[in-house]
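1. output the structure for:
(one chain, ligands or ions: 1)
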Amino acid sequence: MTIKENVSKILNNVDVAKATSSYSNQSVMVIAVTKYVGADKAREVLNCGISNIAENRTELFLEKYEALKDLDLTWHLIGNLQRRKVKDVINLVDYFHALDSIKLAQEINKRAEHTIKCFMEMNISGEESKHGFSVNELSDVLDDIEQLENIQIVGLMTMAPFEATEEETDVLFEQMKNLQVKIAAENRSNIPCTELSMGMSRDYQSAIRQGATFVRIGHEFFQGEM
Ligand SMILES: *Cc1c(COP(=O)(O)O)cnc(C)c1O
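-> Have a look, this model is predicted:
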């Protein structure tokens with residue numbers, strides 16, 4: 001398969017998932033995660049009608065940002081961000097998907113030159129190895145984030161555990177949707193929380209059926225090319 005064929009297969013799968021989703025009029029942003037490839041291969045995907053690009057590490061983000069700055073793109077940083085690197089990157093990012101501590105939120109707030117759109121990363125399955133907020137600490141966390149005027153929480157982000165079955169993943173995605181709706185209903189000023197960033201190559205179709213509005217797809221774009 002060529003990159004062009006991969007893109008059209010993915011976009012078709014997204015349409016099918018939307019058509020069978022429990023939610024009507026769902027808009028889904030398809031993000032190409034380009035961490036496995038260089039800027040040239042990334043550019044091929046972006047030339048096929050994809051305009052959302054993501055990297056998971058600061059160095060790779062900055063490298064791609066420089067190499068692709070001639071294109072009109074929406075830039076996503078999806079991986080864990082060390083506090084000391086916030087100042088290098090945060091003002092270039094359109095969406096940051098991995099807000100996982102109050103200390104990180106405070107550092108972003110301090111370095112921000114404009115409102116920074118963030119997803120709160122949730123560790124809803126309770127895996128010890130994983131980053132993210134737990135459901136139990138949420139109400140305290142939201143109280144703290146509400147004080148940070150340069151941060152806007154656009155939604156929640158999660159990753160299903162690698163070993164989870166399809167059924168377990170579905171349950172997790174459904175819990176995420178319920179949590180997102182609950183937080184949105186609190187009507188906190190800088191926490192609209194209307195979006196859900198979930199679904200990767202192996203599970204984006206289930207994620208969309210459970211209400212995902214941002215899917216982060218990596219290797220499926222580059223099948224046959226890596
Ligand atoms: C790499 C990565 C993805 C994409 O994973 P694929 O399985 O290649 O689709 C999505 N989200 C995060 C946070 C990642 O690091």
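2. residue contacts, Ile3?
-> For Ile3, the contacting residues are Lys41, Glu44, Val45, Cys48, Phe221, Phe222, Glu225, by Cβ atoms under 8 Å, 6 or more residues apart in numbering. (Glycine included, C-beta is placed from N, CA and C.)
3. now Gln175
-> With Cβ under 8 Å, 6+ apart, Gln175 has these contacts: Ile124.
4. next: Leu196.
-> Residues near Leu196 by Cβ under 8 Å, 6+ apart: Gly155, Leu156, Met157, Met176, Lys177, Gln180, Ala207, Gly211, Ala212, Thr213, Phe214.
5. show me what it is bridged to.
-> In this entry, Leu196 is beta-bridged to Leu156, by DSSP bridges.
6. related to what we said a few turns ago, just the buried ones out of the contacts of Ile3, please.
-> Buried members of those, counted by 16 or more other Cβ atoms under 10 Å: Lys41, Glu44, Val45, Cys48, Phe221, Phe222.
7. returning to what we had before: make JSON lines from the contacts of Leu196 and add secondary structure to it.
-> Below are the contacts of Leu196 laid out as JSON lines (DSSP: H, G, I helix; E, B strand; the rest coil):
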{"residue": "Gly155", "secondary structure": "strand"}
{"residue": "Leu156", "secondary structure": "strand"}
{"residue": "Met157", "secondary structure": "strand"}
{"residue": "Met176", "secondary structure": "helix"}
{"residue": "Lys177", "secondary structure": "helix"}
{"residue": "Gln180", "secondary structure": "helix"}
{"residue": "Ala207", "secondary structure": "helix"}
{"residue": "Gly211", "secondary structure": "coil"}
{"residue": "Ala212", "secondary structure": "coil"}
{"residue": "Thr213", "secondary structure": "coil"}
{"residue": "Phe214", "secondary structure": "strand"}
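8. pick out whichever of the residues you listed sits closest to the ligand.
-> The ligand lies nearest to Met157 out of the contacts of Leu196, by Cβ to the nearest ligand atom, at 7.9 Å.
9. circling back to that earlier point, could I get the contacts of Leu196 as TSV with pLDDT?
-> Shown next, in TSV, are these (pLDDT from 0 to 100):
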residue	pLDDT
Gly155	98
Leu156	98
Met157	98
Met176	97
Lys177	98
Gln180	98
Ala207	98
Gly211	97
Ala212	98
Thr213	98
Phe214	98
